[in-house]
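**Q** this one's sequence-less:
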Ligand code: ATP
């Protein structure tokens, strides 16, 4: 299987305002993800997950190292690489708040080789599947957080990219909405061969959606295995102590 994401010795540090020392958020991470893999990115708060995701999707430039998306070096050909990527960041900053649900979907569908009819069909399908019919003409800023989250995931899907990054997609959602998002992700994973990277603290997401888990701590990868091999560790919560 081909590698969709290849990152080699990637490092990123931040300088906090007024602080002398730099924060080394990502300390030299290498990772390969194959087409169709669903990878859970786990680790405690501040481990470096969001920084890693932002670098992989071109929103942050690493201090060192290389990142290839479908073989394209994101540093050298950022826009070209970003065409292969959708990203749902915490707080749904990928959405246009003053556009309606439908307008957001239409906008992100773009024109990636699809006809107007195909886009329309996919949009209708996603609106039904995400239970957004009643809200389709409402502005995103008027929706609940759970609804916004569903729109953000739907937008990532309609963009029809090979790679989707989801940063804590179920954070702060009630049990039902969280279940709904998990179910939708599972169905999509079964239907379409997308490569998905999900940063999460939500164990049901890990167990039900992810195939492989990468655990990050203090800016390094400390475990990388199939989810079933790490399940015992999760159940005993022992992984918290191995970090
Ligand atoms: P969480 O699970 O809480 O979202 P995370 O694993 O996503 O955490 P990051 O947000 O990548 O972790 O943060 C890694 C480290 O980098 C932390 O120490 C954080 O304080 C620091 N950091 C992140 N963004 C910035 C920034 N813009 N400026 C300065 N320091 C930052």
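**A** Arrived safely, thanks for sending. Keep in mind that what you see is a predicted model, and the values were worked out from it rather than measured.
**Q** quick one: name whatever helix or strand follows the lengthiest helix in the chain.
**A** Counting by DSSP state H, the longest helix found in the chain is helix 175-191. Toward the C-terminus, helix 175-191 is succeeded by strand 195-199 as the next helix or strand (DSSP states H and E).
**Q** okay, buried residues for the helix or strand following that following strand please.
**A** Next helix or strand after strand 195-199 toward the C-terminus (DSSP H and E): helix 203-209. Of all the residues in helix 203-209, those buried under the rule 16 or more other Cβ atoms under 10 Å are 205, 206, 207, 209. All C-beta atoms are positioned from the backbone trio N, CA, C, and that covers glycine.
**Q** tell me the contacts of the second one?
**A** In other words, residue 206. 40, 42, 200, 213, 227, 234 (Cβ atoms under 8 Å, 6 or more residues apart in numbering).
**Q** just give me the closest of these to residue 95.
**A** residue 200 (19.5 Å; Cβ to Cβ).
**Q** list the contacts for that closest one?
**A** Shown in contact with residue 200 (Cβ under 8 Å, 6+ apart): 40, 41, 42, 166, 168, 169, 170, 171, 206.
**Q** what do you get for residue 39?
**A** 33, 196, 197, 198, 210, 211, 212, 213, 214.
**Q** contacts for stretch 50-66?
**A** Under the criterion Cβ under 8 Å, 6+ apart, residues 5-13, 25-26, 28-29, 41, 67, 69, 73-75, 78, 81-82, 85, 87, 89-90, 165, 167, 197, 199, 216, 219 lie in contact with stretch 50-66.
**Q** distance of residue 215 from residue 178?
**A** To residue 178, residue 215 is 21 Å away according to Cβ to Cβ, to the nearest Å.
**Q** more neighbours: these two, which one.
**A** Higher neighbour count among residue 215 and residue 178: residue 215, with 23 against 19, using other Cβ atoms under 10 Å.
**Q** next, the buried residues of stretch 53-65.
**A** By 16+ other Cβ under 10 Å, the buried positions in stretch 53-65 come out as 53, 54, 55, 56, 57, 58, 59, 60, 62, 65.
**Q** returning to what we had before: and the contacts of residue 200, which of them are buried?
**A** 40, 41, 42, 166, 168, 169, 170, 206.
**Q** out of those, which sit inside strands?
**A** Among these, the residues falling in strands (DSSP state E) are 40, 41, 42, 166.
**Q** next, see if whichever strand or helix holds residue 6 gets close to the ligand.
**A** Residue 6 is part of strand 3-15 when elements are defined by DSSP H and E. Yes: against the ligand, strand 3-15 shows contacts by Cβ under 6 Å from any ligand atom at residue 14.
**Q** returning to that earlier point: from the contacts of residue 200, which is closest to residue 132?
**A** Checking these against residue 132 by Cβ to Cβ gives residue 169 as the nearest, at 15.7 Å.
**Q** tell me which parts of the chain are close to the ligand?
**A** So far as Cβ under 6 Å from any ligand atom goes, the chain lies against the ligand at 14, 16, 23, 25, 43, 45, 46, 47, 48, 49, 50, 51.
**Q** and the direction of the helix or strand residue 50 falls within versus that of strand 3-15, what angle?
**A** In the assignment (DSSP H and E), residue 50 maps to helix 49-56. Here helix 49-56 runs at an angle of 120 degrees relative to strand 3-15 (axes from the mean of the first three to the mean of the last three Cα atoms, to 10 degrees).
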